[in-house]
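Enquirer: Fold the following.
(chains A, B, C and D)
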Amino acid sequence: MSYELKINDRIANIELLSRDGNIIQVMLDKKLYELDILEVERGVYSILLDNNSFNVELVEGKNAKTYTVNTLYESFEVEVIDAESKYLKNRKKDEGEDQNVIASPMPGKVVKVLVKEGDKVKAGETVVVVSAMKMESEYKVKQDRVIKKLLVKVGDTVSSDQPMVIIE
Amino acid sequence: MSYELKINDRIANIELLSRDGNIIQVMLDKKLYELDILEVERGVYSILLDNNSFNVELVEGKNAKTYTVNTLYESFEVEVIDAESKYLKNRKKDEGEDQNVIASPMPGKVVKVLVKEGDKVKAGETVVVVSAMKMESEYKVKQDRVIKKLLVKVGDTVSSDQPMVIIE
Amino acid sequence: MIKKVLVANRGEIAIRIMRSCREMGIRTIGVFSEADRSSMHVRYADEAYFIGPSPSVDSYLKIEKIIEVAKTSGADAIHPGYGFLSENANFSARCQEEGIIFIGPDAHAINTMGDKITARKTMIAAGVPVVPGTTEPIKDLKKAVEVIREIGLPVMIKASAGGGGKGMRLVKEESQILDAVSSARSEAKAAFGDDAVYIEKYIDSPHHIEFQILGDKHGHVVHLFERECSVQRRHQKVVEETPSPIITSKVRAEMGEAAVAAAKAVNYHGAGTIEFIVDDNLNYYFLEMNTRLQVEHPVTERVVGVDLVKQQINISNGFELAFKQEDLKQHGHAIEVRIYAEDSDNNFMPSPGIIKHITEPLGLGVRHDGYVYEGYEIPIYYDPMISKLIVWGETRSEAIARMKRALYNYKITGVKTSIPYLSRILEVPAFVEGRYNTHFIEENQQYLMPRKNCDGQCEDVAIITAFFDYITKLEKIQPQAITKELGNNWKDFGRKRSILRL
Amino acid sequence: MIKKVLVANRGEIAIRIMRSCREMGIRTIGVFSEADRSSMHVRYADEAYFIGPSPSVDSYLKIEKIIEVAKTSGADAIHPGYGFLSENANFSARCQEEGIIFIGPDAHAINTMGDKITARKTMIAAGVPVVPGTTEPIKDLKKAVEVIREIGLPVMIKASAGGGGKGMRLVKEESQILDAVSSARSEAKAAFGDDAVYIEKYIDSPHHIEFQILGDKHGHVVHLFERECSVQRRHQKVVEETPSPIITSKVRAEMGEAAVAAAKAVNYHGAGTIEFIVDDNLNYYFLEMNTRLQVEHPVTERVVGVDLVKQQINISNGFELAFKQEDLKQHGHAIEVRIYAEDSDNNFMPSPGIIKHITEPLGLGVRHDGYVYEGYEIPIYYDPMISKLIVWGETRSEAIARMKRALYNYKITGVKTSIPYLSRILEVPAFVEGRYNTHFIEENQQYLMPRKNCDGQCEDVAIITAFFDYITKLEKIQPQAITKELGNNWKDFGRKRSILRL
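Expert: This next block holds a predicted model:
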């Protein structure tokens, strides 16, 4: 069975052809790879490919299908695409580019909420200010919007990706 | 509910009295302890007792009831004694002091087997020699015995506590 | 003799201080906020006391609470580290009142050096060069022009009442002088209702070079040479090294003498740092004094071979310095980088979170001062610094090669770090050649952008690894699902590919 | 110029070599046996090749296999590390035949120094002091007595054909000479059918002191001072330090010259070590030469400030040494301890196994050369050394204090280690005072026994922690089981205790 994995803008097609201990053969976008792959620490793989030694670290993302993959110098976001992810992706597309939720990309503490529910805000206006590690980040709307719901108040601690404001 | 824990020759009686977040109160052999206990890494606890900071490492032993506990300078073997362990302990006692199995206390490779099944061996005679990390260890019988069964042969790799010879 | 030290700090510096205490047989007291119960300094200390909620204003900055813990625990001294209460004159004074040794200077030295104007006047009196400029506001045009001619171009004109760039003018040419003064004054008048201005020499390509000093309570002061700290981003030091690649031994000796004179001017005792601004012609001017241990103190420790925390404690004990100026030498070259939990490629956004995995670089010439461990959650409340990596080499180029090797082998997952950004700094030609000033980061943006360092193979390996991990997980949930698929093995993969493709 | 190095080794030394290669921009090739697929050196290398089954005789000692990998991978040089093939003259010669640079001396130097008799004769010819004694077997009594008078008491008489202590006699007094020679001869005759004996000066309280040397291919040889290695258990070094606490600068200079003469006598190039046996009066005698890098080389690196692996590579490249003898100085004091996977308190039984958890000591003055990581299984096939801890201090006492601090903070669980044993060594008065010889371990058994270091509280904490972990596990299986019990909280614990006790 072949799988599709998304990495940056690339959708890669990959299939496991054989497996013998650490040695696997995979077909990746019509290219055949044979490599020696071994999980040496939790989430850390040692890979020998044509005798080149790679150390690859995986950190699971929001779910079991998403990974941050660190190789020597680069970091990739990789997502396994199956029927479920495809459905979610398609739905998302229908909703247009801008999101209707303002979420915090980092954990922190809400230090300012500059709007009330029902406010009309202009594109570029700051809605919430979150502070982490002595640095403040402002969260703005990208286009003219109406504040539908405030999910946080000043003093709240927010985690990464936590929705803070619903707009429409 | 109170538990019995064995540490060296001491059987300690211990009961959890209360728990509020990290703060627990326990009664240990009629002595009341209140302490702040937190698992900071897997198997590593940080403990504050009367503001003294202890770092305690636990390594699970053969089963969930046995631990090797490392404090700053000392290492203890601790065993939780419940009905099941008591039963096993009593049975063991019935079999007398000497064991009827010679097991390897360390992982290694069998380099010599000096007996055959059915052999009569004298107290102190070497039965098997195991090598690990360039060092050889000899395993002897403690009293006159008969070799009932050989479970290993030269060249076998043995793990810790693996039975090698059954004697009677 | 100090027997028990309360360390009024957290993070790497708390542990660094406790290490030296342990080597001296001194018992350590840690203090911690709500967010820091699981922090390494609590685990490293002999005793640890809770002091309040996570925001530092409610815990690490609470003078009375910390004094109270010192008394309860029987600490005879307090080490403030850097940041927090380290340059707080009131805290130094409160400790003295309570009969607790403050491991740092007295309130007088902190106050004098803490106020820029007073510090400047004190330095002038002591004969330490300061950036040439006026010490009093200038209210008339003629006087202003006179002063500019005296100082020499280029100069910066600043509104006396000012701030935010209003009423500021950089004057580089003779012909601009009159215009610039007039327009600065009228802008200042409009903005602040006051047309008085200051005039200061403008240093075109400034180097930030600082001198480490140590003074005892018997009037002896020595310097431990310089640290070059010109690699800065938004006035935050990023890379520090010693010796400075631009300084000559003649200028070093002169600046060292100036640094000692600066410290003596405030009867300084303890460890301190005299910061200078240095131009391309190696003219140097006193900038300010940091009356505490610096983040970058380890490069000095490595090259001079002195444990600065031990010296601080010995000085606090009232001992005389064990060495004279002529006993101190620089051996080889040391570089320090600061590892931050931040996404350097995304506007340096802070990246608190849980450390999933960490591999620390080790081996010859590498010192690592950190505090995080696997499973530790870096809190949102404090500085994003995770650790400092300090390397030593016989030469500057060996030190750079060693730092690259160390960064290459330093892996932290779970949070984003500045490690890739730091690696890029070490490759910038101006850095490699040692020709850089405080404009280094802005002038070298093109070298500091994230780059693709690996060919397509690297990306393919990333995909294969994620894929392999994913199917291994699947297999654990549905055993045989994967192996069954492989039943006919790879030989007939062509057939399978055409049939099974989704 | 060497561009690609095959490291024919494993463990910490393989990684240590690869680190220096990386700093020099040299690509590294690792080789691994079956047991070592997950070993850190495979992960650290740029390329890695499988070379055979786990026993080293089938992999790390397979000369032809390693040569083959070097050719396949295009390596232009091979670094043998220590142990394995590092002192194998055939291997050095085979490399040369294949046009691969062997990073080490040529076969002639290895052979000459590898054979004790030849080495002894070569040293005598070079004017290097050797332990006084006979070079030829003595077959008659009169001659034996003559020789003993010449050498001076005490002497050791050894059976020429002998071994296992048979025919050995220690003679300390004049009056014993005749008896001892006669009985040694008759015992030798009975045991080996040959009554010839050797006579050698007996060194009563021997110190093992060795000199690091470096020689280039242009005839320059320098020494990098001494290492004191007298703390030994069964001829295995346990703790090494430099400078030696007993040596004087006069003797150091003399021994250094002797070491250089010894190396020159075999046209030595590369890094090597001249081992001396030294008595309490600082008489020194050549013992043997190790024609390779030593395990304890880092103490020299730290105190002299030279990267020995880089020097080896530069020498192999045919470069001249970049320094002369007078450029080299010792700065401060360095100590190394070797951490073994062994149960030091249980007859030093090896303890291979899986590393559950590791906390490495860091900070000022600490170097750590290791190779294990969490989850790694230390294999049964190789040396039990896990890592080396090297500390530096301004003084010997600071270095000892720092080593104690580092060991205190070094935690490895999953396997037993020698860390507690090493900590005890550092506390032994004779060690602290620097008065020790190779009998140190046997003479100080009473200090080296496992001790109870903590009062009852420590044991109670151990019990409570195990208990807490156990009930937390139970709770995960049967949620609420524990909290339910706590329903009425601690106030009525008296009642519960009496009811629920099993």
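
Enquirer: Least confident secondary structure element in chain A?
Expert: Confidence across the helices and strands of chain A bottoms out at helix A:83-94, with a mean of 60, counting by mean pLDDT, DSSP states H and E.

Enquirer: so after that one, what's the next helix or strand?
Expert: On the C-terminal side of helix A:83-94, the nearest following helix or strand under DSSP states H and E is strand A:101-104.

Enquirer: where along the stretch 251-400 of chain C do the strands fall?
Expert: C:270-278, C:284-290, C:333-340, C:342-343, C:349-350, C:353-354, C:357-359, C:366-370, C:377-378, C:385-393 (DSSP state E, counting those that start in this stretch).

Enquirer: For the fifth one, the averaged confidence score.
Expert: Read that as strand C:349-350. Averaged over strand C:349-350, pLDDT sits at 90.

Enquirer: Paired strands for that strand, with orientation please.
Expert: In the sheet containing strand C:349-350, its partner strands are strand C:342-343 (antiparallel), by DSSP bridges.

Enquirer: Which residue does chain A have closest to chain B?
Expert: Nearest to chain B in chain A, going by Cβ to the nearest Cβ, is A:Arg42, at a distance of 9.8 Å. Any C-beta I mention is one placed from the backbone N, CA and C, and that applies to glycine too.

Enquirer: er, the stretch 151-300 of chain C actually
Expert: C:Leu293 (23.2 Å).

Enquirer: I figured the residue of chain A closest to chain B hits C:His357, correct?
Expert: Yes. A:Arg42 lies in contact with C:His357 (Cβ atoms under 8 Å); the separation is 7.2 Å.

Enquirer: Mutual contacts of these two, please.
Expert: The overlap between the contact sets of A:Arg42 and C:His357 (Cβ atoms under 8 Å, 6 or more residues apart in numbering or on different chains) is empty.

Enquirer: Just want to know which of those two has more residues nearby.
Expert: C:His357 (19 against 13; other Cβ atoms under 10 Å in any protein chain shown).

Enquirer: What distance do you get for the residue most central in space within chain C to C:Ser351?
Expert: When Cα atoms, centre = their mean is applied to chain C, the residue found nearest the centroid is C:Val295 (4.4 Å). Counting by Cβ to Cβ, to the nearest Å, the gap from C:Val295 to C:Ser351 is 19 Å.

Enquirer: Ok, C:Lys388 next?
Expert: From C:Lys388 to C:Ser351 the distance is 18 Å (Cβ to Cβ).

Enquirer: so who does A:Asn70 touch?
Expert: Applying Cβ under 8 Å, 6+ apart, the residues contacting A:Asn70 are A:Val56, A:Glu57, A:Leu58, A:Val59, A:Phe76, C:Lys411, C:Thr413.

Enquirer: now C:Ala334
Expert: Contacts of C:Ala334 by Cβ under 8 Å, 6+ apart are C:Glu241, C:Thr242, C:Pro298, C:Val299, C:Thr300, C:Arg302, C:Val303, C:Ile390, C:Val391, C:Trp392, C:Gly393, C:Ala399.

Enquirer: Which ones, among those residues, also lie beside chain B?
Expert: By Cβ under 8 Å from any Cβ of the partner chain, no member of the contacts of C:Ala334 lies near chain B.

Enquirer: between these, which is nearest chain D?
Expert: Taking the contacts of C:Ala334 together and measuring to chain D by Cβ to the nearest Cβ, the closest member is C:Pro298, at 6.8 Å.

Enquirer: show me what contacts that closest one?
Expert: Applying Cβ under 8 Å, 6+ apart, the residues near C:Pro298 are C:Ala334, C:Glu336, C:Arg367, C:Asp369, C:Lys388, C:Ile390, D:Leu364.

Enquirer: Would you convert those residues into JSON lines that also reports pLDDT?
Expert: Below are the contacts of C:Pro298 laid out as JSON lines (pLDDT from 0 to 100):
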{"residue": "C:Ala334", "pLDDT": "98"}
{"residue": "C:Glu336", "pLDDT": "98"}
{"residue": "C:Arg367", "pLDDT": "96"}
{"residue": "C:Asp369", "pLDDT": "96"}
{"residue": "C:Lys388", "pLDDT": "97"}
{"residue": "C:Ile390", "pLDDT": "98"}
{"residue": "D:Leu364", "pLDDT": "96"}
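
Enquirer: now those: which count as buried?
Expert: Neighbour-count burial (16 or more other Cβ atoms under 10 Å in any protein chain shown) applied to the contacts of C:Pro298 gives C:Ala334, C:Glu336, C:Arg367, C:Asp369, C:Lys388, C:Ile390, D:Leu364.

Enquirer: which of those residues lies closest to C:Phe50?
Expert: C:Phe50 lies nearest to C:Asp369 out of the buried ones among the contacts of C:Pro298, by Cβ to Cβ, at 25.0 Å.

Enquirer: Bridged to the closest one, which residues?
Expert: C:Lys388.

Enquirer: how near is it to chain B?
Expert: 19 Å (Cβ to the nearest Cβ, to the nearest Å).

Enquirer: didn't that residue look like it was pressed against C:Ile17?
Expert: No. With contact defined as Cβ under 8 Å, C:Asp369 does not reach C:Ile17; the gap is 10.7 Å.

Enquirer: In the stretch 51-200 of chain C, which residue sits closest to chain A?
Expert: Closest point on the stretch 51-200 of chain C to chain A, by Cβ to the nearest Cβ, is C:Pro55, at 8.5 Å.

Enquirer: pretty sure that residue is touching C:Ile380, no?
Expert: No. Judged on Cβ under 8 Å, C:Pro55 makes no contact with C:Ile380 at a distance of 10.1 Å.

Enquirer: Kind regards, and thank you for your time.
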